[in-house]
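*Asks:* Quick one, what's the 3D model for this:
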Amino acid sequence: MSADRRHNDIMSDVAAKALKGITIPACPAILTQLMNELRSPITNNKKIAGLIIQDVGIASVVIRSANSPLISGNRRIESISDAVSLLGFGSLANLVHEALLQSSIGNNHASLERFWDSSRYTAIASSRLAHAVGRINPDAAYTFGLFHDCGIPLLAQRYPEYKDVLREANRNAEKVFTTIEDEVIGTNHAVLGYYLARSWGLSDAVTQGILNHHDYAQLEDPRNVDSDAHRMIAINVAAEYIARTHLRTAHDTEWSKARGAVAFFFGLSPTEIDDLADDVIYQFDQSLNQHDDD
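*Replies:* I've put the predicted structure just below:
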């Protein structure tokens with residue numbers, strides 16, 4: 001047996017144990033088509049819009065998301081063509097990723113509504129923080145924010161007791177979040193998210209970042225993880241704090257665990273990182289208030 005064959009067999013065995021019988025949703029064909037078209041040097045708005053409108057469900061989610069006050073501002077987006085023209089290819093690709101991720105995992109579950117709201121706001125906050133601190137592409141940061149917790153609904157659907165595990169992991173100030181999951185169910189949402197992101201063709205920086213996004217020690221003592229992945233981890237944990245604060249959801253212990261490491265990573269004081277987060281929270285609140293007034 002060749003070395004490559006042995007390596008693949010070992011990796012398959014590792015994956016089987018990590019996935020614990022959970023099926024990872026396959027990458028939708030339309031996403032592959034769209035990303036190939038977006039990478040084409042001769043693509044145009046009409047081709048991109050034509051691909052998206054092939055699926056009415058995806059198109060409707062894109063339009064609804066595009067009209068969020070945090071994305072469209074005061075602009076009213078009526079069609080996919082409008083979305084392509086007004087938002088640009090990068091933002092549009094992010095909205096398609098969101099629509100396909102929801103439809104693949106199951107966005108019809110009422111219990112997931114809060115999860116998707118949190119993921120969306122985390123993604124938007126990640127993009128804005130990436131603009132503010134530099135050194136990372138805002139669209140990549142958005143994608144990371146959207147996908148980083150995608151293993152959570154997969155575990156919730158597989159294990160009836162997972163809500164209790166999640167509650168304990170959120171409030172435990174001592175243990176690493178994923179360690180608690182591993183101890184109870186033998187796997188964790190970061191591992192599942194890694195396999196899903198990898199099967200959907202996301203970059204190595206995104207997939208490695210997802211796998212390690214609760215390991216905040218890496219921000220102060222980088223190990224064998226891509227530097228862009230470290231930046232995404234740092235931005236993402238601050239973005240999660242911003243999203244939870246804006247949405248008035250119960251705060252977990254992750255920001256208190258990570259705040260110092262995030263500040264160190266970006267060369268800021270803890271007070272400066274708080275100020276940066278507060279600026280984005282204020283932007284979110286103002287956007288929502290303005291939308292309500294309109």
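
*Asks:* What segments of the stretch 151-294 of the chain are helices?
*Replies:* Per DSSP state H, counting those that start in this stretch, the stretch 151-294 of the chain carries helices over the ranges 151-158, 162-171, 177-185, 189-199, 204-211, 217-220, 227-247, 254-265, 270-293.

*Asks:* For the first one, buried residues please.
*Replies:* Just to be clear, that refers to helix 151-158. Buried residues in helix 151-158, counted by 16 or more other Cβ atoms under 10 Å: 151-156, 158. (Glycine included, C-beta is placed from N, CA and C.)

*Asks:* cool, the last one as well?
*Replies:* If you call a residue buried by 16+ other Cβ under 10 Å, then helix 270-293 has these buried ones: 273-274, 276-277, 280-281, 283-284, 287.

*Asks:* which residues sit against it?
*Replies:* Outside helix 270-293, the residues within contact range by Cβ atoms under 8 Å, 6 or more residues apart in numbering are 69-70, 73-74, 121, 124-125, 128-129, 132-133, 238-239, 241-242, 245-246, 259-260, 262-263, 266, 268.

*Asks:* After the longest helix that the chain contains, which helix or strand is next?
*Replies:* Ranked by number of residues, the top helix in the chain under DSSP state H is helix 80-105. Heading C-terminal from helix 80-105, the first helix or strand you meet, by DSSP states H and E, is helix 113-133.

*Asks:* other SSEs contacting the following helix or strand past that next one?
*Replies:* Heading C-terminal from helix 113-133, the first helix or strand you meet, by DSSP H and E, is helix 138-147. Here helix 138-147 touches helix 80-105, helix 113-133, helix 189-199, helix 204-211, helix 227-247, going by 3 or more Cβ pairs under 8 Å, 6 or more residues apart in numbering; DSSP states H and E.

*Asks:* Report the angle between the longest helix of the chain and helix 189-199.
*Replies:* Following axes from the mean of the first three to the mean of the last three Cα atoms, to 10 degrees, one obtains 130 degrees for the angle between helix 80-105 and helix 189-199.

*Asks:* How far off centre is helix 80-105?
*Replies:* The chain centroid and the centroid of helix 80-105 are separated by 14 Å under Cα atoms, centre = their mean, to the nearest Å.

*Asks:* Could you name the helices and strands sitting against that helix?
*Replies:* helix 29-39, helix 45-52, helix 56-66, helix 69-72, helix 113-133, helix 138-147.

*Asks:* The fifth one relative to helix 227-247, how many degrees between them?
*Replies:* It stands for helix 113-133. Relative orientation of helix 113-133 versus helix 227-247 (the same axes, to 10 degrees): 120 degrees.

*Asks:* Setting aside sequence neighbours, what's the nearest residue to the spatially most central residue of the chain?
*Replies:* By Cα atoms, centre = their mean, the chain has its centre lying nearest to residue 146, at 2.2 Å. Spatial nearest neighbour of residue 146, chain neighbours left out: residue 123 (4.2 Å); criterion: Cβ to Cβ, 6 or more residues apart in numbering.

*Asks:* my guess is that neighbour meets residue 143, correct?
*Replies:* Yes: the criterion here is Cβ atoms under 8 Å, and residue 123 meets it with residue 143 at 7.5 Å.

*Asks:* Find residues that contact each of these two.
*Replies:* When Cβ under 8 Å, 6+ apart defines a contact, the residues bordering residue 123 and residue 143 alike are residue 94.

*Asks:* Return the per-residue confidence for the nearest residue to residue 55 once chain neighbours are set aside.
*Replies:* Leaving aside its sequence neighbours, residue 55 sits nearest to residue 30 (Cβ to Cβ, 6+ apart; 6.1 Å). Residue 30 carries a pLDDT score of 87 in this model.
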